[in-house]
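Asks: sequence below, structure please.
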Amino acid sequence: MSLGKLTVNGRQDGFLCDDKPFFWFADTCWSAFTSIAEDDWDYYLTRRAEQGMNVLQVNTLPQWDRCLPDLGIWPYASEDGVHFDWSAPNQEYWDRARRMCQAAVEHGIRPALVLMWCNYVPGTWGSMIAERTGAEVMPRSEVRRHVARVVENLGEFDPVYVVTGDTDFAGDEAIAYYEDALDEVVKRAPEALRTMHINRANRTIPAQYLDRLDFYMFQPGHNYEGQPEAWRLPQDFIANYPKKPMVNSEPCYEQMGASRNVYWRFTAQDCRASVWSSILAGASAGITYGAHGVWNWQTSQSRGSVLGEGFDMPFRWQECLQFAGVWDFGLIEHVLRGLGATAGDDAAAVVPAQELLDDAREAIRVARVGERVVVYLPRTTAVKLKLEGGVTAWNAVAFDLETKRVANLPVASVDGDGEIRVAQHPFEHDALLVVSPAK
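Replies: Sure, this is the predicted structure:
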């Protein structure tokens, strides 16, 4: 079974699958290949397919902060899942990963395979943490062999290749490692899409990689005070890099404690705020969801992580699959399609338009979609918009993103010069405001 050929559209803002619009809706299940029993894998995939997911972001190497105990099946010979004989691949692992990818494809979910998570690459922030526990990086001589092994074993499933995992590019050695990995995957899978998953708040990708990357991933992450990065990162990518599709690849995860053990857990609304803010800031190619307890595969027997973790205790994975927020994410593609915004070149694009907001509350995000103006309101308030262009009458509808209610709102002209005031909506939760020319 093939899921079709994934490409970038002509506008360079989204994806096509066999020339039809494709909205990236991914789950982060980084530790799947080492930690999920295959009997559980079918239930997981069935549930995620029901919820509308079509991509699975997974690490081809053991995730450094996965839960213990794992299954004891590792890609290279090892006694503890931390120290490896990189010259001794374990075919049992690769056969298992192949079966898991086959099952995902049968559920309509495409693998997005991370080739080199940061802790395996010297000079990254992750390798510094790993070194404190005695873990070792991969020898550079093995990087190309590892990439070749991924393509040889899993390439038949038309994966997207995510060259880096949660990485920075702090030094020449890290840049050289990732150059080897990128070069090798280009040679072995030239038709596949490629990207890089970078660490929280990072907006720096070495220029030498850019012409071989098909789209950008960025990460607001799980820092309590860092959530404005959800809209600031895409703004900076638009300003500083060649235009390519963008995906918020690691928003705050539902029910995850904030990083550095700050006493907080991100709610479904926090997660909605991250992705809707990203979309209206220009990252409209897709979204990624995460639940703390799925990506690291928490069970009732788990006793912590391999190399440590700076978050509060996860929920068990069975509980995580029932979180309400994932259904909110599943609605996003349908809402965008209803607005006329898809990846098709003849459809309306989502164009950031923050200049239309007549105040400085940057957490309120604004974009144009064709003739409409779309506003994300994280909290209840009235808004003023500067709408010029000859339209004299507007309609406004607010969609309650928590309870899925809809309200028609009064629109008043403020000064007769194109500025309007949209009344406060009646909902207690975040809302999406759609302002359209009256007809």
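
Asks: Ala112 in helix, strand or coil?
Replies: Put simply, Ala112 is strand when judged by DSSP: H, G, I helix; E, B strand; the rest coil.

Asks: got the contact list for the least confident helix or strand in the chain by mean pLDDT?
Replies: For the chain, counting by mean pLDDT, DSSP states H and E, helix 125-132 ranks last in confidence among helices and strands (a mean of 86). Contacts with helix 125-132, where a contact means CB atoms under 8 Å, 6 or more residues apart in numbering, come from 64, 117-121, 136-137, 166-168, 170, 199, 307-308. (Each C-beta comes from the backbone N, C-alpha and C, glycine too.)

Asks: quick check: pLDDT value at the closest residue to Arg316 other than its chain neighbours.
Replies: Leaving aside its sequence neighbours, Arg316 sits nearest to Gln298 (CB to CB, 6 or more residues apart in numbering; 5.3 Å). Note for Gln298: predicted pLDDT of 94.

Asks: list the residues that contact Gln298.
Replies: Contacts of Gln298 by CB under 8 Å, 6+ apart are Cys67, His292, Pro314, Phe315, Arg316, Trp317, Cys320.

Asks: how much space between the third one and Cys67?
Replies: Relative to Cys67, Pro314 is positioned 7 Å away (criterion: CB to CB, to the nearest Å).

Asks: show me the helices in the stretch 301-439 of the chain, by range?
Replies: Assigned helices in the stretch 301-439 of the chain, in chain order: 317-320, 325-338 (criterion: DSSP state H, counting those that start in this stretch).

Asks: and of the ones you listed, who's closest to Gly257?
Replies: Taking CB to CB, helix 317-320 is the member of those nearest to Gly257, at 13.5 Å.

Asks: contacts for that closest one?
Replies: For helix 317-320, contacts defined as CB under 8 Å, 6+ apart pick out Asp40, Tyr44, Glu254, Gln255, Ala291, His292, Gly293, Val294, Trp297, Gln298, Thr299, Pro314.

Asks: re the thing from before, nearest to Gln12, of the contacts of Gln298?
Replies: His292 (33.4 Å).

Asks: distance of the residue nearest to the spatial centre of the chain from Arg368?
Replies: With distances taken as CA atoms, centre = their mean, Ser249 lies nearest the centre of the chain, 1.9 Å away. As defined by CB to CB, Ser249 lies at a distance of 25 Å from Arg368.

Asks: same check, this time on Gln354
Replies: Gln354 is 11 Å from Arg368, by CB to CB.

Asks: just want to know which of these two has more residues nearby.
Replies: Set Gln354 next to Arg368 and count neighbours by other CB atoms under 10 Å: Arg368 wins out with 18 against 14.

Asks: hang on, the more buried one packs against Ala353?
Replies: Yes - if you go by CB atoms under 8 Å, Arg368 and Ala353 touch, sitting 4.6 Å apart.

Asks: low-confidence regions, the protein specifically.
Replies: 306-309, 416 (pLDDT under 70).

Asks: how about Arg232: what's its closest non-neighbour residue?
Replies: Ala281 (7.9 Å).

Asks: that neighbour: how many residues sit nearby?
Replies: Neighbour count for Ala281, taken as other CB under 10 Å: 27.

Asks: correct me if wrong: Val413 contacts Ile420.
Replies: Check again: residue 413 is Ser, not Val. Yes - if you go by CB under 8 Å, Ser413 and Ile420 touch, sitting 5.9 Å apart.

Asks: so which of these two has more stuff around it?
Replies: Ile420 (22 against 14).

Asks: now do the contacts for that one.
Replies: Lys384, Leu385, Leu387, Trp394, Val411, Ala412, Ser413, Val414, Val435.

Asks: turn those residues into a markdown table, columns for distance to Gly221.
Replies: Formatted as a markdown table, the contacts of Ile420 follow (distance: CB to CB, whole Å):
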| residue | distance to Gly221 |
| --- | --- |
| Lys384 | 32 |
| Leu385 | 31 |
| Leu387 | 34 |
| Trp394 | 37 |
| Val411 | 37 |
| Ala412 | 40 |
| Ser413 | 42 |
| Val414 | 38 |
| Val435 | 32 |
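
Asks: for the nearest residue to Gly52 once chain neighbours are set aside, grab the count of nearby residues.
Replies: Closest residue in space to Gly52, ignoring its immediate chain neighbours: Gly330 at 3.7 Å, by CB to CB, 6+ apart. Using other CB under 10 Å, Gly330 has 17 neighbouring residues.

Asks: which residues touch Gly330?
Replies: Phe25, Gln51, Gly52, Met53.

Asks: mind doing that once more with 7 Å?
Replies: By CB atoms under 7 Å, 6 or more residues apart in numbering, Gly330 lies in contact with Phe25, Gln51, Gly52.

Asks: right, I'll leave it there.
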